[in-house]
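> Pasting a predicted model and its sequence here:
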Amino acid sequence: QVQLVESGGGLVQAGGSLRLSCAASGRTFSRYGRGWFRQAPGKEREFVAAISWLGTTYYAESVKGRFTISRDNAKNMVYLQMNSLKPEDTAVYYCAARDGLGYDPNDYDYWGQGTQVTVSS
């Protein structure tokens, strides 16, 4: 059974940092694109960052320069380092995986259950 499990969410003050982790099991994703998405209450799920299996990274404009996505293929892990957090970053953050890479959440095949990130002002 394929599983993606996020961890590392929590409550942080504006300007603070969090590091999200996503552990994959059930298959290897070393040749899959990995992405992070987020969904705030009343809003659609939106792209945050993605990384190809070769390590090429892509970011939403709203997080560029503040967030960093990385992966460890040997451990089947992907990470999202979030710095200079803002209240508008508050959302449930999801990790996902797909063959290839993209920004559209509908194109991702595997999803985690999400982890809450709350940034207080």
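In hand now; what should we look at?
> Could you list which residues are in contact with the residue nearest to Ala50 when sequence neighbours are not counted?
Nearest residue to Ala50, sequence neighbours excluded (Cβ to Cβ, 6 or more residues apart in numbering): Gly35, at 4.0 Å. For every residue, glycine as well, the C-beta is placed using N, CA and C. Residues in contact with Gly35 (Cβ atoms under 8 Å, 6 or more residues apart in numbering) are 47-51, 95-98, 101-102, 105, 108.
> So which of those residues belong to strands?
Assigned to strands by DSSP state E, the following of these qualify: 47-51, 95-98.
> Arg34 and Cys22: what is the separation?
Using Cβ to Cβ, to the nearest Å, one gets 7 Å for the distance from Arg34 to Cys22.
> When those two are compared, which one has more neighbours?
Ranked by neighbour count (other Cβ atoms under 10 Å), Arg34 and Cys22 place Arg34 first, with 30 against 26.
> Report the inter-axis angle for the strand or helix carrying the more buried one versus strand 46-51.
Element membership for Arg34, per DSSP states H and E: strand 33-39. Here strand 33-39 runs at an angle of 160 degrees relative to strand 46-51 (axes from the mean of the first three to the mean of the last three Cα atoms, to 10 degrees).
> if we can go back for a sec, got any residues that touch both of Arg34 and Cys22?
Residues touching both Arg34 and Cys22 comprise 78, 95, with contact defined as Cβ under 8 Å, 6+ apart.
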